[in-house]
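J.: Just a sequence and a predicted model for now, questions to come.
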Amino acid sequence: MKEFVLFILFTHLGLIVLAQDRLKPGAIYEQGQEIYAPMVGYKGVVPDGWFGTLPQEEEVFLMIPNGNAEGYMFINANHSDLAQLRKDWDQHLSLTDELVISLNGEPAIDGKRMTGNFDVTGSRVPYKGYAVAMDGGYGWTLTLSLLAPVERFDEFIKNFDQLVKSSEVIEPKIGSVYGDFNWPEFLKNKYLMSYLSSTQYREQNEVWLCGDGTFRSRIKSKGMLKTENNAYKGNKKGTWTAEGIGEKGRLTLDFSKNTPVTLDMEIKDDKIFVNGGRFFALENNDCKK
């Protein structure tokens, strides 16, 4: 049921994660894999029978059951403490023109943890919800939520309990979102490609990097290499090295028949830039195993 994805609006979301262990938008996390969000101080494990993903352009971790079963789990974080979150839970939340979620009864508060049941109206089949909020004591409150068909709720609550038991609130690591980004590891077996096109101009620069330290390139723009030397244009090959931990790094291409060239690398908003120009970084499947 697509409308249930809108349940991410349940609270103000902020599941921010760090680089080397950061959740990659669109990647699939199978049962048993760790969920780690250093900047908000959360660790957990995807429960048995479920898989998860961080949807593109969203800041909430979404999990659904394996197979064709309906049901949803969510993990999000916000700066509200339990007192403020308790007030938020009193509000009827309209997810669509028909779908409304509302608190059922009084939530239970035990120390730094709050739990509550939720009614769902307007769904195609009867649904109900359950949520656990944990105040980590470091300025973030983590909320774990389950939304499931009534007929399967008792089954799925067992998987949800597994998620809750695996969840740990730790001291956040303050720093850049990409503070641990490892450029040498990231660039292994990568295909870097830039593409510019207009009615009068077309350009495509490509570099294939292999894990054994070799590369080949097809360069059409001298500006990519910050050089006016035409000798670097066309099809070339050689070896490569990279350095840097964090948002910025460096990639050195040691051409077989030309002097080496070092490129400035940067990652911003999950986008890769080479010498200031946008590049796409894809998996290079042509390297020798």
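T.: Looks like it came in fine.
J.: and the lengthiest helix in the chain, what other elements does it pack with?
T.: The single longest helix within the chain, with elements called by DSSP state H, is helix 150-166. Secondary-structure packing of helix 150-166 (3 or more CB pairs under 8 Å, 6 or more residues apart in numbering; DSSP states H and E): strand 42-45, strand 61-65, strand 72-78, strand 127-135, strand 141-149. No exception for glycine: its C-beta is placed from N, CA and C like everyone else's.
J.: Give me the secondary structure label for the closest residue to Ala77 other than its chain neighbours.
T.: Using CB to CB, 6 or more residues apart in numbering and skipping residues adjacent in sequence, the residue nearest Ala77 is Val40, 4.2 Å away. With DSSP: H, G, I helix; E, B strand; the rest coil as the basis, Val40 sits in coil.
J.: Let's have the helices and strands packed on helix 150-166 in JSON lines, adding distance to Leu282 and mean pLDDT.
T.: Below are those laid out as JSON lines (distance: least, CB to CB, whole Å; pLDDT from 0 to 100):
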{"stretch": "strand 42-45", "distance to Leu282": "29", "mean pLDDT": "90"}
{"stretch": "strand 61-65", "distance to Leu282": "24", "mean pLDDT": "90"}
{"stretch": "strand 72-78", "distance to Leu282": "28", "mean pLDDT": "88"}
{"stretch": "strand 127-135", "distance to Leu282": "38", "mean pLDDT": "93"}
{"stretch": "strand 141-149", "distance to Leu282": "33", "mean pLDDT": "92"}
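J.: Tabulate those strands in a markdown table, adding columns for distance to Gln31 and mean neighbour count.
T.: Output for the helices and strands packed on helix 150-166, formatted as a markdown table (distance: least, CB to CB, whole Å; neighbours: other CB atoms under 10 Å):
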| stretch | distance to Gln31 | mean neighbour count |
| --- | --- | --- |
| strand 42-45 | 8 | 20 |
| strand 61-65 | 9 | 21 |
| strand 72-78 | 12 | 24 |
| strand 127-135 | 19 | 22 |
| strand 141-149 | 16 | 23 |
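J.: Of all the helices and strands in the chain, which has the lowest average confidence?
T.: One helix or strand of the chain scores below all others by mean pLDDT, DSSP states H and E: strand 93-94, with a mean of 72.
J.: tell me how far the helix or strand where Leu85 lies is from the chain's mean position?
T.: Using DSSP states H and E, Leu85 sits within helix 82-89. The chain centroid and the centroid of helix 82-89 are separated by 27 Å, computed with CA atoms, centre = their mean, to the nearest Å.
J.: which stretches of the stretch 151-289 of the chain have low pLDDT?
T.: Residue ranges of the stretch 151-289 of the chain with pLDDT under 70: 174-177, 195-203, 221-229, 288-289.
J.: coming back round to it: what's the burial count for the residue nearest to Ala77?
T.: 24 (other CB atoms under 10 Å).
J.: Tell me who's in contact with Phe156.
T.: Contacts for Phe156 (CB atoms under 8 Å, 6 or more residues apart in numbering) come out as 65, 71, 146, 148.
J.: Go through stretch 278-285 and flag the buried ones.
T.: 279, 281, 284 (16 or more other CB atoms under 10 Å).
J.: Enumerate every residue touching the first one.
T.: Each residue near Phe279 by CB under 8 Å, 6+ apart is listed here: 192-194, 205, 272-273.
J.: now these as CSV including secondary structure and distance to Pro107?
T.: Listed next are the contacts of Phe279 as CSV, based on DSSP: H, G, I helix; E, B strand; the rest coil; distance: CB to CB, whole Å:
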residue, secondary structure, distance to Pro107
Leu192, strand, 50
Met193, strand, 51
Ser194, strand, 52
Asn205, strand, 56
Ile272, strand, 44
Phe273, strand, 46
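J.: which residues in the stretch 151-289 of the chain form helices?
T.: 183-186 (DSSP state H, counting those that start in this stretch).
J.: between the helices and strands packed on helix 150-166, which one is nearest to Phe255?
T.: strand 61-65 (43.0 Å; CB to CB).
J.: Now do the contacts for the residue sitting furthest away from the middle of the chain.
T.: Distance to the chain centre peaks in the chain at Lys257, reaching 40.5 Å (criterion: CA atoms, centre = their mean). Lys257 makes contact with 231, 236, according to CB under 8 Å, 6+ apart.
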